[in-house]
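A.B. asks: predicted model follows, preceded by the sequence.
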Amino acid sequence: MKVAIQMITIATTVSWVLLIVFAVTVVYSMKDIRINWGEPESTVTANEKLLLEFPIEIVNDGYYSLQNFNISTQIYDSQGSAMARGTTFLSSIGTGQNLNTTHQIMANLTDILQKHQDLMFNDRELQRTTIISMKTAELISFQTASNSTFSWGAPLYNLTIGPPRFTMEVGINNTNYYRATLPVSFENHALFNLSGTAQVNIFNYKDDLVASEETLFNVAKQSSYKSEIQLDIQTLNFTSKGHAEISFSGPFFSYGPLVIPYG
């Protein structure tokens, strides 16, 4: 009887030792798992969504394979509402394996720029939360979370609109008219190319519309735009005081009108 009890005690002790050793090796193995993030590439999809693609290298130099490897990312605005999200799932990563994949984050540009119009003009550091979960040794689950920032570049950064300048011009049949010149400039700090139209209307002091012009623009990301929009006004409609209005619109945004008084 004593021998049987001793054998059970020994077996239990050995089991606990093996379990502790196993747990220690699993935890120790986790330090040999590395996740290397590359710089994102951005594209605008056919349905006007902003797609961010982060290249990721996952290195498993641990003792055990990984299962159900999942990366979940969300980008938040200043009020804590999710603006963009993405998930990457890998069913298995073997021990000693180097795996390269792409983590995709999708954002609705129309929602972002219509709900957060300050992001049209101001660069911001947005909050980003990343949760990584996995199962190792087909038994133990791990999860870690990290917070970081994501740099948002404004598509209409430093938008500058000067007051209209007026010059007297001579047209056909020696008829006079006024030419209005409206200087417009901005910097496209966004991760995407910006295209659209600028609509300019000029009103005299009676608020009568005296001139209208629509100009197309196409500005590559990380580049500047500078233009002088010209409009012609008949002499009899011109007044020395009034105002101009300019509106911007594109496939996924609209803004305006901005009012620029003159005189």
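C.D. replies: Received it, and whenever you're ready, just let me know what you need. Numbers count the residues shown, from 1 in each chain.

A.B. asks: use CA for all of it now, contacts and neighbours both
C.D. replies: Noted.

A.B. asks: residues in contact with the residue positioned nearest the centre of the chain?
C.D. replies: Among the residues of the chain, the one closest to the centroid is Trp152, at 5.7 Å (C-alpha atoms, centre = their mean). Trp152 is in contact with Leu119, Asp123, Arg124, Glu125, Leu126, Ala190, Leu191, counting by C-alpha atoms under 8 Å, 6 or more residues apart in numbering.

A.B. asks: what of Ile233?
C.D. replies: Per C-alpha under 8 Å, 6+ apart, neighbours of Ile233: Tyr177, Tyr178, Arg179, Ala180, Val210, Ala211.

A.B. asks: for the host helix or strand of the first one, which positions count as buried?
C.D. replies: The reference is to Tyr177. Following DSSP states H and E, one finds Tyr177 within strand 176-188. Under the neighbour-count criterion of 16 or more other C-alpha atoms under 10 Å, strand 176-188 has Tyr177, Tyr178, Arg179, Ala180, Thr181, Leu182, Pro183, Val184, Ser185, Phe186, Glu187, Asn188 buried.

A.B. asks: show me the contact partners of stretch 211-225.
C.D. replies: Counting by C-alpha under 8 Å, 6+ apart, 184-203, 229-233 sit against stretch 211-225.

A.B. asks: correct me if wrong: Gly256 contacts Ala244.
C.D. replies: No - counting by C-alpha atoms under 8 Å, Ala244 is not a contact partner of Gly256; they are 11.7 Å apart.

A.B. asks: between the two, who's got more neighbours?
C.D. replies: Ala244 (22 against 12; other C-alpha atoms under 10 Å).

A.B. asks: how near is the more buried one to Ala190?
C.D. replies: 27 Å (C-alpha to C-alpha, to the nearest Å).

A.B. asks: shaky segments in the protein?
C.D. replies: 1-32, 137-139 (pLDDT under 70).

A.B. asks: per-domain residue ranges of it.
C.D. replies: 32-152, 157-262 (automatic domain parsing).

A.B. asks: and the strands in the stretch 51-200 of the chain, which stretches?
C.D. replies: With strands called from DSSP state E, counting those that start in this stretch, the stretch 51-200 of the chain shows them at 66-76, 82-93, 97-108, 124-136, 140-152, 157-161, 165-170, 176-188, 194-204.

A.B. asks: partners of the fifth one in the sheet?
C.D. replies: Paired neighbours of strand 140-152 in the sheet (DSSP bridges): strand 124-136 (antiparallel).

A.B. asks: give me the angle between the strand it pairs with and strand 66-76.
C.D. replies: Strand 124-136 runs at 160 degrees relative to strand 66-76, counting by axes from the mean of the first three to the mean of the last three C-alpha atoms, to 10 degrees.

A.B. asks: give me the buried positions along strand 124-136.
C.D. replies: For strand 124-136, by 16+ other C-alpha under 10 Å, it's Arg124, Leu126, Gln127, Arg128, Thr129, Thr130, Ile132, Ser133, Met134, Lys135, Thr136.

A.B. asks: ok, stretch 59-79 next?
C.D. replies: 59-77.
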